[in-house]
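*Asks:* heads up, no residue letters with this:
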């Protein structure tokens, strides 16, 4: 199992850097210091290896529960960015899912599709819950957020430590155009006490609002 | 010259799809139906080909002039998105510039760096001109916009027709957090009469504001 784990991790690194077509099993063997025999004991082909890397555990697409849907969306997206920043296999699955015709079966190569579905569903729920301003469109906001997540790819080989910070920055500029004026000051971009659905009180921290930006 | 143009264009297509490391001259020859002799008559190596593709004409980084800096920024960015959508050589130069160690010399591989510099300079000028709300930070907004432009890469092989539309959508959600409340309704996301610097009049079209989003 240790060898299998090493193969998957090394393959993910190479897929991240070079994509499916640019990856050779020779490169994976060179980096992992394994023999071809060891690789083929665990995997039949580059394609099977790609499918293993591309398959994302279903629980990663389960957003947290909470009284404010937009807060659940913000928390889920930041947690996903965090996981992408720290897990090269997850980053590789994103890249492989964006590379159509990368040899993966439909079921495996769905990171991008599944992530989009979660984001859209949460935004539609937020809309139904009256948390969005009239001009904010769930589909458009989903596109903007997916623009961020698919953009993780150019950064695969560079540092990804600031990924969560960059998403928090994006949220800070987006939320005034998305959340109702009543909800906006109660949303948090960092873990903290969950906001309550319909309470407004003085002295609450303006965790999101850009000072002076909405007025 | 016709052959040279065909080589550059075909190389750009392959660089776009597979990156520098995933590209072989054999693939370029197969797609362009040229002989190796024809290729090497014009270019010494894959590296020289990459440098030619990566070099972006300086005039593409000259923003338009106008009385409102934020409008110049919006217009410049949309025009650049338009060019990226229609010009595979420009998309390839973006990808190569993001791939460090892609064999290009420093001078050539600068699409990303040069674009970032233009965006940041315009935002700093907008800040100096009092066009930004206090919470809007030129560096942060530059990062958000560069997130959009480097994200062009995952779409290289897919349709890029909606690139300009997607950037206009991003701007529509961002601008309420960036532009002063006085300037916001006068900014345009589509070509039109240039806005004037300090005139506010009733009946002006709200070209940007999300209805009800800022209040």
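*Replies:* In hand now; what should we look at? These numbers were taken from a predicted model, which means no experiment stands behind them. Numbering: from 1, shown residues only, chains lettered A, B, ... in the order given.

*Asks:* from residue A:162, how far off is residue A:168?
*Replies:* Using Cβ to Cβ, to the nearest Å, one obtains 10 Å as the distance from residue A:168 to residue A:162. Quick note: C-beta positions are derived from backbone N, CA and C, even for glycine.

*Asks:* wait, I meant residue A:35
*Replies:* Relative to residue A:162, and taking Cβ to Cβ, residue A:35 is found at 38 Å.

*Asks:* between these two, who's got more neighbours?
*Replies:* More neighbours sit around residue A:162 than around the other of residue A:35 and residue A:162, counting by other Cβ atoms under 10 Å in any protein chain shown; the figures are 15 against 10.

*Asks:* can you pull the contacts of that one?
*Replies:* Contact criterion Cβ atoms under 8 Å, 6 or more residues apart in numbering or on different chains gives residue A:85 as the residues in contact with residue A:162.

*Asks:* now the element after the helix-or-strand element of chain A with minimal mean pLDDT, going C-ward?
*Replies:* Taking all helices and strands of chain A together, the one with the lowest average confidence (mean pLDDT, DSSP states H and E) is helix A:88-98, at a mean of 86. Next in sequence after helix A:88-98, counting helices and strands by DSSP states H and E, comes helix A:111-128.

*Asks:* helices or strands next to that following helix in the packing?
*Replies:* helix A:69-86, helix A:88-98, helix A:138-150 (3 or more Cβ pairs under 8 Å, 6 or more residues apart in numbering or on different chains; DSSP states H and E).

*Asks:* so which elements touch the shortest one?
*Replies:* For helix A:88-98, the contact count by 3+ Cβ pairs under 8 Å, 6+ apart identifies helix A:2-22, helix A:46-54, helix A:69-86, helix A:111-128, helix A:138-150 as packing neighbours.

*Asks:* off-centre distance for that helix?
*Replies:* Shown here is helix A:88-98, whose average C-alpha point lies 10 Å from the average C-alpha point of the whole chain (Cα atoms, centre = their mean, to the nearest Å).

*Asks:* same question, the first one
*Replies:* Shown here is helix A:69-86, whose average C-alpha point lies 7 Å from the average C-alpha point of the whole chain (Cα atoms, centre = their mean).

*Asks:* before we move on, what about stretch A:71-90?
*Replies:* Per Cα atoms, centre = their mean, the centroid offset for stretch A:71-90 relative to its chain is 5 Å.

*Asks:* tell me the buried residues in that stretch?
*Replies:* Going by neighbour count (16 or more other Cβ atoms under 10 Å in any protein chain shown), the buried part of stretch A:71-90 is A:71-78, A:80-81, A:84-85, A:87-90.

*Asks:* what about residue A:114, how many neighbours?
*Replies:* Using other Cβ under 10 Å, residue A:114 has 14 neighbouring residues.

*Asks:* relative to residue A:93, how far out is it?
*Replies:* Taking Cβ to Cβ as the measure, residue A:114 falls 10 Å from residue A:93.

*Asks:* any common contacting residues for these two?
*Replies:* Shared contacts of residue A:114 and residue A:93, counting by Cβ under 8 Å, 6+ apart, come down to residue A:56.
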